[in-house]
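Trainee: Below is the structure, and that's it, no one-letter string:
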Ligand SMILES: Nc1ncnc2c1ncn2[C@@H]1O[C@H](COP(=O)(O)OP(=O)(O)OP(=O)(O)O)[C@@H](O)[C@H]1O
């Protein structure tokens, strides 16, 4: 962490200092690194990363997203920057920038044809993730969100060992084997010495537009009991909302209004009121 950064927000411990940490460069001044994890694919982890980044940016902070989901990158499309490519400055990669000024680095922005699959082995993927930290002209960033690939495998391990991650947000959905997944995430976080800021349950309910009643499409939620069992907080419960899917498809995730994310924004920034 640079000298110009504020200390960790109230209640959030100072970042751990793992042995394998990769240095950033003199053109990167990143204050806080927050990782977004999920136990399995398709639960809305990239969506929650995008929404959290948008809300924290809206609150007046300088925000970046490091898309560590190297083989399944979806962040650029959600922000409509998938037509851009990363250029270089002083031998470093310069992030793409969204309409509201969020900086994005993703493998999707390195390919001429984003339908081409990246058929790379683990070590190559891990090395790209490290380069997205060390070889990028990040400039001044208050909050860097790292969109992890699903699970607790190779890349999350690389991220926790190489980057000064301060906190983790775990995204789940009601139909997952939530308890096991939360336990895995808690165990990984403990082993890596990184605090879990809390859980976000996506696809939690569907609110009927006619009668306003909430329906549990993917089954009843047990997230509150599970959170209690493992001593973590529930930061948000996100509805199934066709407007969300449409905005993501149109590259307009920044335009969404998501008041149900307030708790997660506060947990990340430590702010009770936005800047
Ligand atoms: N609450 C929701 N309401 C409507 N659509 C949603 C919601 N959550 C996610 N989606 C849609 O579901 C799809 C998958 O979401 P997303 O890419 O965020 O999942 P993921 O967990 O990051 O997937 P992966 O494991 O492949 O990285 C996206 O098209 C997204 O817009």
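Mentor: That came through fine. A quick note: this is a predicted structure, and the numbers were derived from the prediction, not measured. Numbers count the residues shown, from 1 in each chain.

Trainee: Tell me if the helix or strand containing residue 158 is near the ligand.
Mentor: Following DSSP states H and E, one finds residue 158 within helix 154-162. No - contact of helix 154-162 with the ligand (C-beta under 6 Å from any ligand atom) is absent, the minimum separation being 11.4 Å. (Glycine included, C-beta is placed from N, CA and C.)

Trainee: which residues of this structure fall in helices?
Mentor: 45-58, 75-78, 122-134, 154-162, 178-192, 223-230, 242-249, 262-269 (DSSP state H).

Trainee: Just the pLDDT at residue 80, thanks.
Mentor: Per-residue confidence (pLDDT) for residue 80: 96.

Trainee: That one: neighbour count?
Mentor: By the criterion of other C-beta atoms under 10 Å, residue 80 has 17 neighbours.

Trainee: Would you agree it is in contact with residue 249?
Mentor: No - using C-beta atoms under 8 Å, residue 80 is not in contact with residue 249; the gap is 10.2 Å.

Trainee: May I ask which helix or strand of this protein has the lowest mean pLDDT?
Mentor: The weakest-scoring helix or strand in the chain, judged by mean pLDDT, DSSP states H and E, is helix 178-192 (a mean of 82).

Trainee: Can you check what angle separates that helix from helix 223-230?
Mentor: Computed by axes from the mean of the first three to the mean of the last three C-alpha atoms, to 10 degrees, the angle separating helix 178-192 from helix 223-230 equals 40 degrees.

Trainee: Lowest average confidence across the helices of the chain, which one?
Mentor: helix 178-192 (a mean of 82).

Trainee: what's that one packed up against?
Mentor: Applying 3 or more C-beta pairs under 8 Å, 6 or more residues apart in numbering; DSSP states H and E, one finds that helix 178-192 contacts helix 154-162, strand 165-172, strand 196-207, helix 223-230.

Trainee: Tabulate those (CSV), appending mean neighbour count.
Mentor: Output for the helices and strands packed on helix 178-192, formatted as CSV (neighbours: other C-beta atoms under 10 Å):
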stretch, mean neighbour count
helix 154-162, 21
strand 165-172, 27
strand 196-207, 22
helix 223-230, 16
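
Trainee: Enumerate the residues of the stretch 151-275 of the chain near the ligand.
Mentor: Applying C-beta under 6 Å from any ligand atom, we find that the stretch 151-275 of the chain lies next to the ligand at 202-203, 238, 240-241, 244-245, 248.

Trainee: now those in a markdown table, with distance to residue 23?
Mentor: Formatted as a markdown table, those follow (distance: C-beta to C-beta, whole Å):
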| residue | distance to residue 23 |
| --- | --- |
| 202 | 35 |
| 203 | 39 |
| 238 | 36 |
| 240 | 42 |
| 241 | 41 |
| 244 | 38 |
| 245 | 39 |
| 248 | 34 |
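
Trainee: For PyMOL, write the select line for the buried members of these.
Mentor: Here is the PyMOL command that selects only those of those that count as buried (16 or more other C-beta atoms under 10 Å):
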select buried, resi 202+203+238+240+244+248
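
Trainee: where exactly do the strands run in the stretch 1-150 of the chain?
Mentor: Counting by DSSP state E, counting those that start in this stretch, the stretch 1-150 of the chain has strands at residues 28-38, 63-67, 87-89, 92-94, 96-97, 103-105, 139-147.

Trainee: can you pull the buried residues of the last one?
Mentor: The reference is to strand 139-147. For strand 139-147, by 16+ other C-beta under 10 Å, it's 141-147.

Trainee: And the furthest pair within the residues you listed?
Mentor: Maximum pairwise distance among these (C-beta to C-beta): 17.3 Å, between 142 and 147.
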